[in-house]
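Engineer: fold the stuff below for me.
(3 chains)
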Amino acid sequence: MALKGFAGFAIRKISGAAITIFAIVCFNFVLFRIIPGDPVRLMFRDPRVSAHKIQEMYEKFGLAGSLWEQFVAYLRQLFLYGDLGFSFARKAPVLEVIADKMPQTFLLVLTALVIAIVVGTVLGAIAGWKTGTRLDSIIITGSLTLYSIPIFVIGIVAMLIFAFYLGIFPLMGMYTIGAGLTGLAYWRDVAWHMFLPTCAIIIWYAGEYIIVTRNSMQDVLDQDYIISARAKGIKESAILLRHALRNAILPVVTITGINVAFAISGVIEAETVFGWPGMGRLVYDSVMARDYPVLQGLFLIFAVIVVLANLAVDLIYGKIDPRVTVGGGQ
Amino acid sequence: MSWLLKRLQGLRKFLKLLLTHNMGRAGVVIFVILGIVVIFGPYMRTVDPMRTGVLQNILQPPSSQFWFGTDHLARDIWSQTIYGARIALLVGFVAAAVTTAFGSLVGLVSGYFGGKIDEVLMRIVDFFMMLPYLPLMIVFAAVLGPSIWNIILVISITYWPFTARVIRSQVLSLKQRAFVEASRSVGASDNLLMFSEIMPNVVPLMFAEAVLMVTNAIYAEAVLAFLGLGDVSTMSWGIMLHFAYESGLMTMAPWWVIPPITCICATILAFTFLGTAVSDIMKPGYREARGL
Amino acid sequence: MALIDVENLKVYYFTRAGAVKAVDDISFSVDKDETLGLIGESGCGKTTAVFAIMRFAAPPGRIVGGKIIFEGRDILTMSAEEVRLLRGQGIAMVFQAAQNALNPVMNVGDQITEVIRQHEQVTKAEAWERARKQLELVGISGDRAKSYPHEFSGGMKQRVGIAIATACNPRLLILDEPVTGLDVIVQRQLLNLINDLRAKFRLPIILITHDLSVIAETCSKVAVMYAGKIVEQADAISLYKNPAHPYSKLLIEAYPSIKGEKGKLVSIPGAPPGLLNPPVGCYFQPRCPAAMDICREEEPTMVAKDGRIVACHLYK
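Structural biologist: Got it, this is the predicted structure:
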């Protein structure tokens, strides 16, 4: 018996997400074990690895056993102990290394995302409402151009212009090293350092929201219920808000879920360029150091974040679009 | 022979249409410039981009000898920029071709046969689309190793699901169309149906998708190279940026980063414009709306 | 004096290829006790004409000439704000059944209270009560006010549309193809509803359709449109018994009768003219069985004959 309404909808979505996460875990295992040039085996050639450590890994992950035994050991380590492996370059468990960097990344990404979504949706709605005018052309050309430029390129350009030549913002990092600031001064320092990388992400991200909102707005304005609202004598401003925007926003919420994958890529690029000490920069550092366990752990965590974000978006969408949860027809 | 002539005529018509589109015009211009650079590169006062030079020529600003200046190993940046175009277009076209071919095949099979095949294939597609693409590419590239062909493979593995979805949608809507039913009633076999009825209507879409896929490929190569996963035996624009950034000398030598940045952006923009123009042109009613 | 008087209305669409004369100099009027049916083939301009009454002209369309006198004032010279206040309250419209005329993310109760609160000073609770009453009026349970449009069938969505349109007691109701696309039983129910409301509230109605039987059920007066022009206007009974214009005659003949002998289905050969470059003289002349030489040269003007108005060279 299918549960009705939002509860049923939520349960279906959550169980779907759980299955996907499990699939990702399996995929992660396959990725690093089956592909030729298996970096786990490369570990043995890594001079940083002590024989004692090798023995430990051997036992924990059953590396000498059959693929199936390795898989079971991997699952056990992951789900029972939350063990993502060990980083030899940093001599610390992978989970610890990553967890250490998470807060910085979330700070950067969430700020950038919120601003980008607001700016993008507003500009896109204006462009859609005023399609065909000069303002619309400017907005659309501008965002299409900026959207085509990779974020790391935007970052480099911003860094050269604003940090180096104009000297308004610091070049790199999250805070001024050695300044020993605390409290409000510390956060002001962080914000100052955060400005450019955040802008780099926003510039690119907003572009996508502008385009999607504009298209959505154009579709909505073509609909009959808009002219039907006019026939009721409703004020234009009310039509824009209650009828047009309310419907145009639906696809925007949908793409936010898909966009988390873009956001992750963006944060990797932005953090790398600006040396922001988060998970993105950790990717770059790990590639440089050939620290494969950390890379593998990061991949898993990023993928899970995407699934969870999509789940959140699905649930929010279920709340705002009645057609999804309430049955149709009569 | 007449087949070739007809194809050439079709091409001319297509080009003319492309030039009526605002973005199409811009895209064609940049594309032509790229083509000239790629073909006539060696004749444009270039040297081996990888050839290191003498100490006093390190990090020189643009001059009459080195049109774009030199990098930290006294290599000619002008040559690097010119030859970088070859790598960009090579990776762009090959990766786009492979991705579109594979993705379209999956989309066609899935859309046409439907049922269990469709379900299974789409589950796989959905799963891959769920994985964040840059971490995925980084992981693949790290594992496979740096070589230009591995990069192309990585791009294809990452992006094929997107094409598959788009093509499948198109096939599904074409399937509804009456003419497929009509063909079927005359007793055409499944394979014959697929390739003779649906293909001609899917090919334009495949082409538009391929053009847009080039932008993804160029972006992917650039970002992977920048992050240190590129093929250092080639000097692509991304590798140039990687060296510039890694050496820490980027701020002292803006002439090092401006050419690759400009080229990457221009090329991505060009193909974005072309792709948008192509898909607009393919839409029914484009010609009528302009009175052509 | 008539409630609404349309005089020499012209609505053109300005496309790249030229001006399309969607509505070309039409005139008609509706009195307080009348129901006018506007009939014609698809694309003859009936919807455009009626949209013009609400002063709707989707670009590239523009109202280029004429007068629309409603309750003594010309709608075409009113300010935008005055027109807005008139809509929904003075003149109300119900849209075609098959269309997406209801906002999918608002429940139907809210869509009714929206129009009430726009035009009248009432509290939310009062408006909601009225909304429920409106639903009951059109035959839908008041408890369904919290339901969303996609939960209703086509026929019920039409009823909701009627509930919204009559919520503020408009003085004129316009119905655009109210029963097109619905099955016959639902059609009958809706037409009965429309007739009931008309009788109850003494509501003048303009009804657009391409279906003769709908007009026969509801309208007292009929105007036949062809290619942007009105070719005949008469009271319904006279038109059916004795159509004057050849086009009207063919229309009526084309409608098969359930009674009587079985006969061949009659249709009107040819197609309506493109309105970018209409034919010289009478627009109907290429398809008219009674075409004369003068029809190919001169456009016929409207003349009164036997209590009706016709535009045809046969009657001078």
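
Engineer: who's in contact with stretch B:66-83?
Structural biologist: Taking contacts as CB atoms under 8 Å, 6 or more residues apart in numbering or on different chains, the residues outside stretch B:66-83 that touch it are B:37, B:41, B:44-55, B:57-63, B:235, B:237, B:240, B:243-244, B:247, B:249, B:253, B:255-256, B:259-260, B:263. (C-beta placed from N, C-alpha, C; glycine too.)

Engineer: mind checking pLDDT for the spatially most central residue of chain C?
Structural biologist: Central residue check for chain C by CA atoms, centre = their mean: the C-alpha nearest the mean position is that of C:I208, 2.8 Å away. pLDDT, the model's per-residue confidence, is 92 for C:I208.

Engineer: surely it meets C:V179?
Structural biologist: No. Distance between C:I208 and C:V179: 11.1 Å, which falls outside the contact criterion (CB atoms under 8 Å).

Engineer: before we move on, back to that, ok, the residue nearest to the centre of chain C - contacts?
Structural biologist: C:I208 makes contact with C:37-39, C:46-47, C:50, C:174-177 under the criterion CB under 8 Å, 6+ apart.

Engineer: where's it, which helix or strand?
Structural biologist: Using DSSP states H and E, C:I208 sits within strand C:205-209.

Engineer: that strand pairs with which strands?
Structural biologist: According to DSSP bridges, strand C:205-209 has the following sheet partners: strand C:35-39 (parallel), strand C:172-176 (parallel).

Engineer: quick one: it to chain centroid distance?
Structural biologist: The chain centroid and the centroid of strand C:205-209 are separated by 3 Å under CA atoms, centre = their mean, to the nearest Å.

Engineer: next one: stretch C:234-254
Structural biologist: Computed by CA atoms, centre = their mean, the separation of stretch C:234-254 from the middle of its chain amounts to 18 Å.

Engineer: restrict it to CA atoms and write it as CSV.
Structural biologist: Below are the C-alpha coordinates for stretch C:234-254, written out as CSV (Å, rounded to 0.1, in the frame of the first residue of the first chain):
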residue,chain,number,x,y,z
ALA,C,234,-29.4,37.9,-36.8
ASP,C,235,-31.4,36.5,-33.9
ALA,C,236,-30.7,32.8,-33.5
ILE,C,237,-34.0,31.5,-34.7
SER,C,238,-34.0,33.5,-37.9
LEU,C,239,-30.5,32.5,-38.7
TYR,C,240,-31.3,28.8,-38.3
LYS,C,241,-34.5,28.9,-40.2
ASN,C,242,-33.5,31.2,-42.9
PRO,C,243,-29.8,32.0,-43.3
ALA,C,244,-29.2,34.8,-45.7
HIS,C,245,-25.4,34.8,-46.3
PRO,C,246,-24.1,31.9,-48.4
TYR,C,247,-21.5,31.2,-45.8
SER,C,248,-24.1,31.0,-43.1
LYS,C,249,-26.2,28.7,-45.3
LEU,C,250,-23.3,26.4,-45.9
LEU,C,251,-22.5,26.3,-42.2
ILE,C,252,-26.0,25.3,-41.2
GLU,C,253,-26.2,22.8,-43.9
ALA,C,254,-22.9,21.3,-42.9
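
Engineer: that stretch: which residues count as buried?
Structural biologist: Residues C:234, C:236, C:238-240, C:243-252 are the ones in stretch C:234-254 that count as buried (16 or more other CB atoms under 10 Å in any protein chain shown).

Engineer: determine which two of those residues are furthest apart.
Structural biologist: When CB to CB is used, the two most widely separated members of the buried residues of stretch C:234-254 are C:A236 and C:P246, lying 19.0 Å apart.

Engineer: and the contacts of C:I208, which two are furthest apart?
Structural biologist: When the contacts of C:I208 are compared pair by pair using CB to CB, the two farthest from each other are C:I39 and C:I174, 14.5 Å apart.

Engineer: hmm, back to that, okay if I get the strands paired with strand C:205-209 as a markdown table plus mean pLDDT?
Structural biologist: A markdown table is the format used below for the strands paired with strand C:205-209 (pLDDT from 0 to 100):
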| stretch | mean pLDDT |
| --- | --- |
| strand C:35-39 | 91 |
| strand C:172-176 | 92 |
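
Engineer: nearest to B:I155, of these?
Structural biologist: Comparing the strands paired with strand C:205-209 by their distance to B:I155 (CB to CB), the top pick is strand C:172-176, with 53.1 Å.

Engineer: fine, thanks again, bye for now.
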